[in-house]
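K.L.:
Coordinates only, no sequence provided:
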């Protein structure tokens, strides 16, 4: 597949992962793109894509449209292309225009290993997802993910201009090396962009590190967690040692009484 002359969704992922030199060699024609025809992980994703999309459509009761729809645009001087696995349209207003009646959403089908998590999949593919949302002028994207051979999950990732602008600034930096035919040096580390404000299933994350009240409660929780587990274990053990014919068992530390309903109550004894 010809990969020169534009930036695609997978390219954005590689750039943000720090694979600049390898991608630069492809974009400048110095090396050919990897032959993925014998890559089992890639080919499994290809062969399970239709099943994945059918499963998604059934679970959400959505009609899928425009499968393998390609879009391209020039974004701040950089040619960009994307091919979306499918689109769905949800009702948004009472207008007579179809475009105004419906919100557009991308559907991306992914197949990953059984030990991966949905959060990690979302984080990894976020650059690709946000580019595709931009190219499709969509409100967001559904990720439909098969894990191994026995689990499926999906999440809706909303459009986020702040993330896209930050990501595209990094892409523009990379594209400058391609345009100048200058080998990038020192760009081999992943670039982490904040994703907390990107709504996933209409909910965001919040870093409470600077929230003193939250941090105080969190520290107390962590410091007393082991003691709480010991407490619960001792409480169960004490109750288990009360015989069915005993209405009270006591020692100098506490007493256990059985009420008329048969429930056991532990009370500390005061000295």
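P.N.:
Right, received. Where do you want to start? Given the structure is predicted, the values throughout are model-derived calculations rather than measurements. Residues are numbered from 1 along each chain as shown.

K.L.:
Identify the single longest helix in this protein, thanks.
P.N.:
What stands out as the longest helix in the chain, according to DSSP state H, is helix 212-240.

K.L.:
Show me how this protein divides into domains.
P.N.:
Domain assignment of the chain by automatic domain parsing yields the ranges 9-180, 212-268.

K.L.:
Using TSV, lay out the ones you listed together with mean pLDDT, mean neighbour count and distance to residue 188.
P.N.:
For the C-beta atoms, the positions are set from N, CA and C on the backbone; glycine is no exception. Shown next, in TSV, are the domains of the chain (pLDDT from 0 to 100; neighbours: other Cβ atoms under 10 Å; distance: least, Cβ to Cβ, whole Å):
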stretch	mean pLDDT	mean neighbour count	distance to residue 188
domain 9-180	91	16	5
domain 212-268	92	11	35
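
K.L.:
so who does residue 16 touch?
P.N.:
By Cβ atoms under 8 Å, 6 or more residues apart in numbering, the residues touching residue 16 are 127, 167, 170, 190-191, 193.

K.L.:
Next step: those restricted to helices.
P.N.:
127, 167, 170.

K.L.:
which SSE is the spatially most central residue of the chain in?
P.N.:
Geometric centre of the chain, nearest residue: residue 122, 2.6 Å, by Cα atoms, centre = their mean. In the assignment (DSSP states H and E), residue 122 maps to helix 118-136.

K.L.:
any idea how far that helix is from the chain center?
P.N.:
Centroid displacement of helix 118-136 relative to its chain, using Cα atoms, centre = their mean, to the nearest Å, is 9 Å.

K.L.:
which helices and strands does whatever helix or strand comes next after that helix pack with?
P.N.:
Sequence order places strand 140-147 as the next helix or strand after helix 118-136, per DSSP H and E. Applying 3 or more Cβ pairs under 8 Å, 6 or more residues apart in numbering; DSSP states H and E, one finds that strand 140-147 contacts helix 40-60, strand 102-112, helix 118-136, strand 151-158.

K.L.:
Quick one: closest of those to residue 14.
P.N.:
helix 118-136 (8.9 Å; Cβ to Cβ).

K.L.:
got the angle between that closest one and strand 102-112?
P.N.:
Relative orientation of helix 118-136 versus strand 102-112 (axes from the mean of the first three to the mean of the last three Cα atoms, to 10 degrees): 140 degrees.
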